[in-house]
Structure formats: structure tokens, C-alpha cells
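1. fold the stuff below for me.
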Amino acid sequence: MFVVEQNCAYQDMDEVDFDCLHLIAHQNEALVGYCRIIPPEFNKLKSNLSVADPTIKTNHTAMPAIGRVLVLSEHRGDGIARQMMIHAIAHCRKKYGKKRPIILSAQAYLLSFYESLGFVPEGDHYLEDNIEHVKMVLYVAKKNKVQKSVLSLPPQRTKS
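-> You can find the predicted model right below:
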């Protein structure tokens, strides 16, 4: 898909493929989708959000990445990419920790898709293989304590 459909002439396999988890989606016997999870120690994408947000107490430079998310064109719009991302996020949370952020390099036209999964854009858009991308990070939502308040209702009028 990347090489032909998006005219990205690069070698599919890279130096981290052997260290990644590869998730595939099948329908019947046919491969219809794919993504990979790069472990933190092999991921080259770095986040600056921990520097920008003083409430974040840990260093998040080493985080897992999700990449090469793709669905064959005839199967787009069927929710396959969302299901793969949900599985990939769950795997990252289970294997690398629930509080560790996850990073990805999103093609800019898919920004709202990744935002719908909780990812936050970071930094400026940039060209990668002549396609506009933006770095995005998924943090764990902080639990806010909700204060209970007493609701005061006006007195009910009674019929006399």
C-alpha cells in the first residue's frame, strides 16, 4: 500500500522489524490490515510533551510506538483500523505499563482519526516520504476527584 498507492519507494523491512510485534487483520483468508508496535527500546520517535507539561512527573522519552497502520482500500470505512488500533493500544498498556505514553507519526489527513482514539498532536507538521505527517502522543487520562455537592432545590408548592 505505501509503496504503490502512496508512491513511497522504500524498503518495507527496516532495522527494527525483527524486534516489533506485527498485528494483522484477516477477513476470511485474505490479509486486509496491518500495523506494528515498536518496543520503547527500539523506538526513535521522542516526545516533548513531558517538558511542556510541568504536571507530568516522569521522563517519557522511551515509549512504545505504533506505526505502519494500513487497511486495504476496498476495506476502508469498515472499522478495521480502529479495531487494530484498539488492540495495539491495549497490547502497549499491558506490556509496557498503563501509565506509559504511546507515540506515533500520523499522516496529517488522519489527524481526527487518531484524536478520536485519544492521541494529541505534538509539534509542527513535517514531510516524510513527501507526505505531511504530525507526531502524536497518547497519554493516560488523569483521574480527577469529583467533589460531591449538595443540590438545593426550591421548595415544592403544595395545593391547598
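2. lowest average confidence, helix or strand, in this protein?
-> For the chain, counting by mean pLDDT, DSSP states H and E, helix 49-52 ranks last in confidence among helices and strands (a mean of 52).
3. neighbours of the residue nearest to Leu31 when sequence neighbours are not counted, how many?
-> In space, Leu31 comes closest to Ile24 once its chain neighbours are excluded; the distance is 5.9 Å by Cβ to Cβ, 6 or more residues apart in numbering. All C-beta atoms are positioned from the backbone trio N, CA, C, and that covers glycine. The tally of other residues near Ile24 (other Cβ atoms under 10 Å) stands at 11.
4. cool, Val120 as well?
-> The number of residues packed near Val120 is 14, by other Cβ under 10 Å.
5. verify the stated contact: it with Tyr139.
-> Yes - Val120 lies in contact with Tyr139 (Cβ atoms under 8 Å); the separation is 7.1 Å.
6. where along the protein do the strands fall?
-> Applying DSSP state E to the chain gives strands spanning 21-27, 30-38, 65-71, 102-107, 120-128, 131-138.
7. may I see the buried residues of stretch 31-40?
-> Val32, Gly33, Tyr34, Cys35, Arg36, Ile37, Ile38, Pro39, Pro40 (16 or more other Cβ atoms under 10 Å).
8. my bad, should have said stretch 98-114
-> Judged by neighbour count (16+ other Cβ under 10 Å), stretch 98-114 contains these buried residues: Arg100, Pro101, Ile102, Ile103, Leu104, Ser105, Ala106, Gln107, Leu111, Tyr114.
9. check stretch 77-87 too.
-> Applying a neighbour-count criterion of 16+ other Cβ under 10 Å, one finds Ile80, Ala81, Met84, Met85 buried in stretch 77-87.
10. test my guess that the first one contacts Ala25.
-> What it means is Ile80. Yes - under the criterion of Cβ under 8 Å, Ile80 makes contact with Ala25 at 5.2 Å.
11. next, the contact list for the residue nearest to Leu31, please.
-> Each residue near Ile24 by Cβ atoms under 8 Å, 6 or more residues apart in numbering is listed here: Leu31, Gly33, Tyr34.
12. tell me who's in contact with the first one.
-> In this case it means Leu31. Taking Cβ under 8 Å, 6+ apart, we find Leu31 in contact with Ile24, Ala25, Leu72.
13. repeat that for the second one.
-> By Cβ under 8 Å, 6+ apart, the contact list for Gly33 reads Ile24, Ala25, Val69, Leu70, Val71, Leu72, His75, Ile80, Ala81, Met84.
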